[in-house]
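Participant: Predicted coordinates and the sequence they were generated for:
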Amino acid sequence: MTDADDTRRDFGQVVNMTAGELSRWLKSDESTSVGVTSGAQKKSSSGGPESVGHDSGEKIVTILGKKKSDLTDDDLAHMRKVAGYVKRHRAQAPKQEKVEDSRWRYSLMNWGHDPLKK
C-alpha cells in the first residue's frame with residue numbers, strides 16, 4: 001500500500017458526508033457561524049471572513065468530486081490535514097453540552113464529518 005492509498009483510506013474513514021450533503025451544509029448559517037479565521041482570507045457567503053474549516057469544506061467537496069487518478073499532491077496534503085483535524089477534534093467532544101446543536105459538531109461538519117451520522 002502506498003502513502004497515497006493510506007491517505008485516501010484515512011480520509012475516507014473520517015469524511016462521512018457526501019459532496020452534496022457537505023455542499024448544502026456549507027451554505028447554511030450554522031456552517032458560517034463557527035470556526036477560526038486567519039488573516040486576510042476570502043469572504044464567506046454571509047459577507048464575513050471565511051473560517052479555515054469552511055474553506056476546507058469547499059476543498060473537500062472538490063476532492064470528493066475527483067477520480068482517484070485526478071488527485072494532486074495538494075489534494076492529498078489536504079486530505080491528510082482533514083484526517084488529522086477530525087481525529088483530534090472528535091477527541092474533544094463536549095461532556096455537558098447537547099451535541100446536536102453544538103459549535104463542536106458544526107465545526108466538524110465544516111470538515112466533512114458529522115459525528116451524529118452512523
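Facilitator: On my side now, so go ahead.
Participant: which of the residues in the lengthiest helix in the chain are buried?
Facilitator: Secondary structure assigned by DSSP state H gives helix 73-90 as the longest helix of the chain. Across helix 73-90, burial judged by 16 or more other C-beta atoms under 10 Å covers 75-76, 78-79, 82-83, 85-86, 89. (Each C-beta comes from the backbone N, C-alpha and C, glycine too.)
Participant: Please apply the same query to stretch 14-22.
Facilitator: Result for stretch 14-22 [16+ other C-beta under 10 Å]: buried residues 14-17, 19, 21-22.
Participant: Tell me which of the residues you listed fall in helices.
Facilitator: Going by DSSP H, the helices hold 14, 19, 21-22 from the buried residues of stretch 14-22.
Participant: if we can go back for a sec, tell me the one among the buried residues of stretch 14-22 nearest to Lys118.
Facilitator: Asn16 (8.6 Å; C-beta to C-beta).
Participant: Need the nearest residue in space to that closest one, chain neighbours excluded.
Facilitator: Lys117 (5.1 Å; C-beta to C-beta, 6 or more residues apart in numbering).
Participant: just Val15 next, same as before
Facilitator: Using C-beta to C-beta, 6+ apart, the closest residue to Val15 is Gly112 (3.9 Å).
Participant: who does the lowest-mean-pLDDT helix or strand in the chain touch, helix- and strand-wise?
Facilitator: Least confident helix or strand, the chain: helix 29-32 with a mean of 90, by mean pLDDT, DSSP states H and E. Packing contacts for helix 29-32, counted by 3 or more C-beta pairs under 8 Å, 6 or more residues apart in numbering; DSSP states H and E, involve helix 52-64, helix 103-110.
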